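Undergrad: I'd like to go over a predicted model; first the sequence, then the structure.
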Amino acid sequence: MRSVEITEATASLRTYIQSLGREPLIVSIKGIPVALLAPIVDLETLPLETEAKSLSLIKKSLARQQSDAEASLADYVKSLGREPAIAGFEGKPIAVLVAIADVESVSLIQNPRFQEIINQSRQQKSKGGFSSEEVRKQLGLL
């Protein structure tokens, strides 16, 4: 996984998104991960299109991106709050920038076993498996 120091993240957010491919980018301060810029490969990995709060976040983030088109990645990271920032192209979400609460989050993202579990879950879902909402209902969590 690639990383960049915040002091070196002076290019525009758009530049970093274009270089992402399918591999996330970690932004760090003095070697400590503080944010993650990740491509949105398929919207099933993020419950963006079904939640009103997520749709509102997408609209707000895309509007900000248009007004701050040349803002650097470092500027975006410094202005991150608890909500992620969604970056888009032609009005469609293509990447998400999130603050990293702790180093364990990064470790989990980089863990090959975790990635394998995620891939298996996607395959099961595509074969007609249970949605997360169905599982919550069955467990009495809804």
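TA: Cool, got the structure.
Undergrad: would you confirm that Ala74 belongs to a helix?
TA: Yes. Under DSSP: H, G, I helix; E, B strand; the rest coil, Ala74 falls within a helix.
Undergrad: any idea of the pLDDT on it?
TA: With respect to pLDDT, Ala74 scores 89.
Undergrad: same check on Ser28?
TA: 90.
Undergrad: for it, give its distance to Ile118.
TA: According to CB to CB, to the nearest Å, Ser28 and Ile118 sit 23 Å apart. To be clear about C-beta, it is placed using only N, CA and C from the backbone, and glycine gets the same treatment.
Undergrad: who has more neighbours, those two?
TA: Ser28 (19 against 12; other CB atoms under 10 Å).
Undergrad: my guess is that one contacts Ser3. True?
TA: Yes. The pair Ser28 and Ser3 qualifies as a contact (CB atoms under 8 Å) at a distance of 5.7 Å.
Undergrad: center of the protein - which residue?
TA: Val96 (3.4 Å; CA atoms, centre = their mean).
Undergrad: low-confidence ranges, the chain, go.
TA: Applying pLDDT under 70 to the chain flags the ranges 41-69, 89-91, 102-107, 109-110, 125, 129.
Undergrad: can you map out the strands along it?
TA: All strands of the chain, identified by DSSP state E, fall at 2-5, 25-29, 32-39, 85-89, 92-99.
Undergrad: make CSV out of those strands and add distance to Val135.
TA: Compiled in CSV, the strands of the chain are given as follows (distance: least, CB to CB, whole Å):
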stretch, distance to Val135
strand 2-5, 34
strand 25-29, 30
strand 32-39, 24
strand 85-89, 26
strand 92-99, 24
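Undergrad: how about these, which one is nearest Leu13?
TA: Across the strands of the chain, Leu13 has its closest neighbour in strand 85-89 (6.0 Å, CB to CB).
Undergrad: what pairs with Pro39 across the strands?
TA: Counting by DSSP bridges, Pro39 is bridged to Ala95.
Undergrad: count the neighbours of the residue lying closest to the residue nearest to the centre of the chain once chain neighbours are set aside for me.
TA: Leaving aside its chain neighbours, Val96 sits nearest to Pro84 (5.1 Å; criterion: CB to CB, 6 or more residues apart in numbering). Using other CB under 10 Å, the number of residues around Pro84 comes to 20.
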